[in-house]
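Colleague: build me a structure from this.
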Amino acid sequence: MPQKLNAKKPILGPAILNVDKGDEIVGGWITPKIPEVGAYKLLVVKRKSGKFDWAHFIQRDNGNKDRVMRGTLNNIEELESLKEMINKNLGKVYGAHIKLFPADYDMMTLDGKKSPPLIQ
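Modeller: Here you go, the predicted model:
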């Protein structure tokens with residue numbers, strides 16, 4: 001079951017998912033910008049254990065991350081189911097044209113410096 005953070009208190013820092021030594025970034029997905037809302041994003045990291053941690057959130061126009069939900073998947077097949085579920089719900093709320101698309105993402109170290117895409 002995903003853990004929902006306090007939706008009334010936006011996250012101001014850049015870290016939504018931590019990537020530790022031996023972890024691998026699976027990908028990032030984003031919706032087109034929704035006026036007066038922002039963009040929904042999904043980030044997924046494969047852990048050393050073989051499990052997949054994910055975070056789904058809204059990034060507001062001012063950069064705040066809001067309505068963060070997190071969870072763990074057992075395998076890559078569950079990721080496809082997660083994306084389908086998110087897209088289905090986004091389509092119900094905003095219309096069929098709003099869905100997740102593959103996206104580039106920025107990785108930073110804890111001190112705010114850019115990080116390479118694979119931590120080894």
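Colleague: tell me which helix or strand comes right after the helix or strand hosting Ser81.
Modeller: Assignment of secondary structure by DSSP states H and E places Ser81 within helix 76-94. Proceeding C-terminally, helix 76-94 gives way to strand 101-102 as the next helix or strand, assigned by DSSP H and E.
Colleague: which elements pack onto that next one?
Modeller: Packing partners of strand 101-102 (3 or more C-beta pairs under 8 Å, 6 or more residues apart in numbering; DSSP states H and E): strand 24-30. To be clear about C-beta, it is placed using only N, CA and C from the backbone, and glycine gets the same treatment.
Colleague: who's in contact with the following helix or strand past the strand it packs on?
Modeller: Toward the C-terminal end, the helix or strand that comes next after strand 24-30 (DSSP H and E) is strand 39-46. Contacts of strand 39-46 with the rest of the structure, by C-beta atoms under 8 Å, 6 or more residues apart in numbering, involve 16-17, 19, 23-34, 52-59, 73, 79, 82-83, 86, 90, 98, 100, 103, 105.
Colleague: so for Asp20, what's the pLDDT?
Modeller: The score at Asp20 is 86. That number is its pLDDT.
Colleague: for it, give its distance to Asp104.
Modeller: Using C-beta to C-beta, to the nearest Å, one obtains 22 Å as the distance from Asp20 to Asp104.
Colleague: equivalent analysis for Trp29, please.
Modeller: Counting by C-beta to C-beta, the gap from Trp29 to Asp104 is 11 Å.
Colleague: neighbour count: these two, which is higher?
Modeller: Trp29 (20 against 8; other C-beta atoms under 10 Å).
Colleague: now that the more buried one has come up, it's in contact with Leu100, right?
Modeller: Yes. Because the distance of 3.8 Å satisfies C-beta atoms under 8 Å, Trp29 is recorded as touching Leu100.
Colleague: who touches both of those two?
Modeller: Residues within reach of Trp29 and of Leu100 at once, by C-beta under 8 Å, 6+ apart, are 42, 83.
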